[in-house]
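Participant: Need a 3D model of the following:
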Amino acid sequence: QLDAVRIMQSIAPGKDVDGFGWLNLGALVAGRPRFVPGTPRAVMTILEHAGIPIEGRNAVVIGRSNIVGKPMALMLIQHGATVTVCNSRTQDLADFTRRADILVVAAGRAGLVSGDMAKTGAAVARPLGTARARRCDSRAVLSCVSVSTISSVLSGTSSSCAGSSDAGHRSTWSRRAYYR
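Facilitator: Sure, this is the predicted structure:
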């Protein structure tokens, strides 16, 4: 059987363009990243492009992986956000998410966040590929995770949402407005 950690750490830091190696993650922690994981970098780019302020905002990252959750939290901290990291086992998760100005759902579990768990006006990002769903509704946000009370949503539609009427947007991000 292959040892994924050993294989990942065998990649030379200068060639670790995904930023998954310990040296690149350490550089990210120190605020001097050489390479950063692509998904958190994409979320930050989208937030900036959408004009969503980060500095001074409360951000909640649901997910603690070395690939998305932890780097995402570090990048938000470096941009001046107050960050709380939660996971699928966090008790009273909704208490944390309802206070978030920026909510990043990257726990790898579809249906973890529902509409009543986010405050109106929150920017919500659900990175591609971090959860799978059986079916997709073109009105759904967070890639098939139903969140209907949020007014400013950044959502990615995963290719796992086969049969979606939003098929033209399977691998893209879009900004949408939703109201209860």
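
Participant: Leaving out chain neighbours, which residue sits closest to Glu48?
Facilitator: Among residues not flanking Glu48 along the chain, Ile54 sits closest, at 7.8 Å (CB to CB, 6 or more residues apart in numbering). Yep, even glycine has a C-beta here, placed from its N, CA and C like the rest.

Participant: Kindly apply the preceding question to Gly19 instead.
Facilitator: Phe35 (4.0 Å).

Participant: Tell me, how many residues neighbour the one you found?
Facilitator: As a burial measure, Phe35 scores 20 neighbours (other CB atoms under 10 Å).

Participant: Could you grab the helix/strand/coil label for it?
Facilitator: Following DSSP: H, G, I helix; E, B strand; the rest coil, Phe35 is assigned to coil.

Participant: need the contact list for it.
Facilitator: By CB atoms under 8 Å, 6 or more residues apart in numbering, the contact list for Phe35 reads Asp16, Val17, Asp18, Gly19, Asn24.

Participant: So for it, what pLDDT did the model give?
Facilitator: For Phe35, the pLDDT comes out at 88.

Participant: need the longest helix for the protein.
Facilitator: The residue-count maximum for a helix in the chain (DSSP state H) belongs to helix 38-49.

Participant: Distance from the chain centre to whichever helix or strand comes after that helix, please.
Facilitator: Following helix 38-49 in sequence order, the next helix or strand is strand 58-62 (DSSP states H and E). Its chain's average C-alpha position is 9 Å from that of strand 58-62, according to CA atoms, centre = their mean, to the nearest Å.

Participant: Against which helices or strands is strand 58-62 packed?
Facilitator: Strand 58-62 is packed against helix 69-78, strand 82-86, helix 93-97, strand 102-105, with contacts defined by 3 or more CB pairs under 8 Å, 6 or more residues apart in numbering; DSSP states H and E.

Participant: tell me the mean pLDDT for the shortest one?
Facilitator: In other words, strand 102-105. The average of the pLDDT scores along strand 102-105 is 93.

Participant: now it, how far from the chain's geometric center?
Facilitator: Chain-centre distance of strand 102-105: 6 Å, with CA atoms, centre = their mean.

Participant: Can you list the strands that that strand pairs with?
Facilitator: Paired strands of strand 102-105, with direction, are strand 58-62 (parallel), strand 123-126 (parallel) (DSSP bridges).

Participant: Any idea which helix or strand in the chain has the lowest mean pLDDT?
Facilitator: Ranked by mean pLDDT, DSSP states H and E, the weakest helix or strand in the chain is strand 173-176, scoring a mean of 37.

Participant: ok so, going back, Asp116 versus the residue nearest to Gly19, what's the distance?
Facilitator: Remark: distance between Phe35 and Asp116 (CB to CB, to the nearest Å) = 38 Å.

Participant: where in this protein is pLDDT low?
Facilitator: Residues of the chain meeting the criterion pLDDT under 70: 128-180.
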